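In: Just the structure for this:
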Amino acid sequence: MIVASVLIPLPVQEAFDYEVPEAMTLTRGDQVAVPLGPRLMRGIVTEVRETTGSNRRLKAVDGLLDDPRLPPRTVDFVEWAARWTLSPPGEMAAMALKGLRAPRPRPERRLRRVGDRTPARPTAARTAVLEAIGDRAMTRPALTALSGASSAVIKGLIDEGVLELFEVEALAAFDPPDPDHAPARLNADQAAAADVLAGATAKGGFAPFLLDGVTGSGKTEAYLEAAARTLRADPDAQILILLPEIALTQALIARITDRFGTAPAEWHSGIAPPRRRMVWEAVVAGRCNIVVGARSALFLPFANLKLIVVDEEHDGSFKQEDGLVYHGRDLAVARARIEGATVVLASATPSLETLWNAQHGRYGWLKLSARHGAAVLPSIELLDLRQNPPDPQTWLSQPLREAIGETFARGEQTLLFLNRRGYAPVVLCRACGHRLTAPDTDSWLVEHRYTGRLVCHLTGFSMVRPRLCPSCGAEDTLVSVGPGVERVEEEVRALFPEARTAVFSSDTVPDAKSARALIQSMIDGQIDILVATQAAAKGHNFPNLTLVGVVDADLGLRGGDLRAAERTFQLLTQATGRAGRHDKPGRAILQTWTPEHPVLMALAAGDRDAFVAAEMAEREAASLPPHGRLAALILSGEDATAVERVAQMLAEAIPNAERLEVYGPADAPLGLIRGRRRKRLLVRADRDVDLQGFLRAWLARVKVPGSVRLTVDVDPYSFL
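Out: Residues are numbered from 1 along each chain as shown. Sure thing, here's the model as predicted:
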């Protein structure tokens, strides 16, 4: 008997076995229809084997589907990712089939000539149409544009039977990129990096690299040149470029289009489902060479993947924390290893994990130490707010105000950076001290003046700002506490009424189209002062921006997150790096109450190495990443007693293990979200401990009831 193991795209922990009918031949990666309960389900064949029989009768595979076979290495990656993250492999399979689950695009209606028929009245316009179409088939808008004739002329030819309409299945049209279309002029460092990367892809096999370059050093040009040489050597090669934010996608697509003469494919949540399906089918068929996308693009079924680029690899947005929990950067390295491809982790502020791998020779280390062309790094000044405090209920100190005014007077642009959305982060009652929170959630409501609503950024709940305190009923006692970008913009408009001011945050630019429009307005000089969150701190290139003012440089240093210092250093380096990226010198002013903080002192001195050495030493002393490993177990449920019971069961079932500790269970910092109570346990292990093996052994000892949800987060980035 031939048996196929089939992975069904549901949250199931293993592949199911089915008997293969005698007339059917299956192989790894085939898509099949199999019975599951009363229905037929799509599944991916992971193994086909011969067996002598079974003590239970197996159901038979119903049929082989016409959809494309997944490349075996894509299946390998799905299975590896499930083992690494301790996720149900069926859910990982669903990620690989995401594009295929989207609806097919509508067929295209095209025109073609019918035999050698000629029109009854061969006017000049009709002749132009027939000459334009020749023996080809094209859409009506394309024929109208090419021939210069009106739609009425074309309709007349259809009515006479000279032209006919027919439908063809829509296919994504990705013209082959031309590696010699518009080569960039590289400096010595860029050319050397491109040489190494291109050499690695030509040689073949797994090759990981850190592309470490200061802001504005031209990392993009270096890896695009490596992509061009890869395509020159192998025109069928496929290249994946991952970005942390959708807002960055359009700028990179424009640069790729300019470089290669054709646009790449996009893959992110902003793409319409039919287009997503077209990209999926083009990738698996090898008809698409370059894909630019978000972290989920890692699960596309590449036919010939040769190069993966993770741009801004340090960015926390690569960590997926809802649903399937995984880190896009780590899975990109794994996918490259499985595919035998080159992977490039590019950043001006690499994560400590990536730096550790580069320092220990696990990754090649390519350095771009200077800005491209005539641009130089901005000067950075720490502005001590203890000596220059802002006026009451304002947020910009006098020296920063003066710098903004001078910059505006020169006709140059200013970026005011505050990584806090909305108008005010807290609304409280002066009478009773009550802080407004979302219902069934511990997070505070953020005031948004643009919409007149209070919003929970965690759950999406929003409400109109009340007139009465919901706790004590007092009238007109609610006050806004602290600044968000909207409040800073309000202050800027009052100070500089003649300046053109805008806000850049996920509230004001909720989609790729609006982000693209605002970025272009900034590039075109239509904005004088941009007040922005981290949405503007990544990868954007504003030629006339010469001043960056950080409103609250201390903001990210608060709290107990082990990566707080690292994230703050990265974010402020990226934000200040927006200034002076062209021929005009740049300047950055960081408002702070603690200018003696090591992170801020390292920023001001431009001494990344000193910061990294100090932070690495602290992590090593505590055996924390990258010198150790972490995993979190998060329990949640509507019944607090049931959650507590499971937490205690887990605590009592911890296996004995050396060089490993478990902390908790303890209430999560946000102990209530959407009506669900939350508990956390944290595991710390030495770097060479089999953490996943320990977690599997531990979880196998405990039966978690359906009323309690258990989430496993390997290498957590959030500790809420």
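
In: Can you tell me the SS state at residue 344?
Out: Applying DSSP: H, G, I helix; E, B strand; the rest coil to residue 344 yields a three-state assignment of strand.

In: Skipping adjacent residues, who's closest to it in space?
Out: Nearest non-adjacent residue to residue 344, counting by C-beta to C-beta, 6 or more residues apart in numbering: residue 309, 4.7 Å away. Where C-beta positions appear, they are placed from N, C-alpha and C, glycine not excepted.

In: Next, give phi and psi for the one you found.
Out: phi -120, psi 130 (degrees, to the nearest 10).

In: Could you do residue 661 as well?
Out: Torsion angles, degrees, to the nearest 10, at residue 661: phi -130, psi 150.

In: How many neighbouring residues does the residue nearest to it when sequence neighbours are not counted have?
Out: In this structure, residue 661 finds its nearest non-sequential neighbour in residue 684, 5.1 Å apart by C-beta to C-beta, 6+ apart. For residue 684, the count of nearby residues is 19 (other C-beta atoms under 10 Å).

In: got the buried residues for the helix or strand where residue 684 lies?
Out: Using DSSP states H and E, residue 684 maps to strand 676-686. Residues 676, 677, 678, 679, 680, 681, 682, 683, 684, 685 are the ones in strand 676-686 that count as buried (16 or more other C-beta atoms under 10 Å).

In: Could you do stretch 461-475 as well?
Out: 461, 465, 469.

In: quick one: which of those residues sit in helices?
Out: Within the buried residues of stretch 461-475, no residue falls in helices by DSSP state H.

In: Surely residue 352 and residue 617 touch.
Out: No - the criterion here is C-beta atoms under 8 Å, and residue 352 misses it with residue 617 at 11.2 Å.

In: part of a strand, is residue 126?
Out: No - Residue 126 is assigned helix when assessed by three-state DSSP, not a strand.

In: i'd like the first residue to be 895 from this point on
Out: Fine by me, first position is 895 from now on; the one you just mentioned is residue 1020.

In: Just give the closest residue to it, not the sequence neighbours.
Out: residue 1013 (5.0 Å).

In: Sketch out the low-pLDDT regions of the stretch 895-1044 of the chain for me.
Out: Counting by pLDDT under 70, the ranges of the stretch 895-1044 of the chain that qualify are 947-949.

In: Would you map the strands across it?
Out: 896-901, 910-913, 925-930, 933-944, 957-958, 1002-1007, 1032-1033 (DSSP state E, counting those that start in this stretch).

In: Could you export the ones you listed as TSV, including distance to residue 1316 and mean neighbour count?
Out: Converted to TSV, the strands of the stretch 895-1044 of the chain look like this (distance: least, C-beta to C-beta, whole Å; neighbours: other C-beta atoms under 10 Å):
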stretch	distance to residue 1316	mean neighbour count
strand 896-901	43	22
strand 910-913	48	19
strand 925-930	46	18
strand 933-944	43	17
strand 957-958	53	14
strand 1002-1007	44	16
strand 1032-1033	46	16
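
In: could I get those as JSON lines with distance to residue 1109?
Out: What follows is these, written out as JSON lines (distance: least, C-beta to C-beta, whole Å):
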{"stretch": "strand 896-901", "distance to residue 1109": "43"}
{"stretch": "strand 910-913", "distance to residue 1109": "50"}
{"stretch": "strand 925-930", "distance to residue 1109": "45"}
{"stretch": "strand 933-944", "distance to residue 1109": "42"}
{"stretch": "strand 957-958", "distance to residue 1109": "52"}
{"stretch": "strand 1002-1007", "distance to residue 1109": "44"}
{"stretch": "strand 1032-1033", "distance to residue 1109": "44"}
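
In: Out of the ones you listed, which is closest to residue 1286?
Out: Nearest to residue 1286 among those is strand 896-901 (62.1 Å), distances taken as C-beta to C-beta.

In: how many degrees apart are the closest one and strand 925-930 in direction?
Out: Inter-element angle recorded for strand 896-901 and strand 925-930: 90 degrees (by axes from the mean of the first three to the mean of the last three C-alpha atoms, to 10 degrees).

In: center of the chain, which residue is that?
Out: Centroid check for the chain by C-alpha atoms, centre = their mean gives residue 1138 as the closest residue, at 3.3 Å.

In: For it, give me the pLDDT.
Out: Residue 1138 is assigned 89 on the pLDDT scale.

In: give the contact list for it.
Out: Taking C-beta atoms under 8 Å, 6 or more residues apart in numbering, we find residue 1138 in contact with 1188, 1205, 1206, 1209, 1210, 1211, 1212, 1432.

In: I'd like to know which of the residues you listed are part of helices.
Out: Using DSSP H, none of the contacts of residue 1138 sit in helices.

In: Residue 1373: which of the residues you listed is nearest?
Out: Using C-beta to C-beta, the contacts of residue 1138 come closest to residue 1373 at residue 1210, 31.6 Å.

In: List the residues that contact the closest one.
Out: Residues near residue 1210 by C-beta under 8 Å, 6+ apart: 1138, 1461, 1611.

In: got it, and residue 1073?
Out: Residue 1073 touches 1121, 1122, 1123, 1125, 1126, 1154, counting by C-beta under 8 Å, 6+ apart.

In: and if you look at residue 901?
Out: By C-beta under 8 Å, 6+ apart, the contact list for residue 901 reads 909, 937, 938, 939, 940, 972, 983, 984, 987.

In: So what's the residue count around the last one?
Out: Think residue 987. Residue 987, neighbours per other C-beta under 10 Å, totals 26.

In: Could you tell me what pLDDT the model assigned to residue 1373?
Out: pLDDT, residue 1373: 91.

In: Just say helix, strand or coil for it.
Out: Judged by three-state DSSP, the three-state class of residue 1373 is strand.

In: any idea how far the closest residue in space to it that isn't next to it in sequence lies from residue 1288?
Out: Nearest residue to residue 1373, sequence neighbours excluded (C-beta to C-beta, 6+ apart): residue 1324, at 5.6 Å. From residue 1324 over to residue 1288 the distance is 20 Å, taken as C-beta to C-beta, to the nearest Å.

In: which of those two has more neighbours?
Out: Between residue 1324 and residue 1288, residue 1288 has the larger neighbour count (other C-beta under 10 Å), namely 17 against 12.

In: Helix, strand, or coil at residue 1058?
Out: At residue 1058 the chain is in strand, as set by three-state DSSP.
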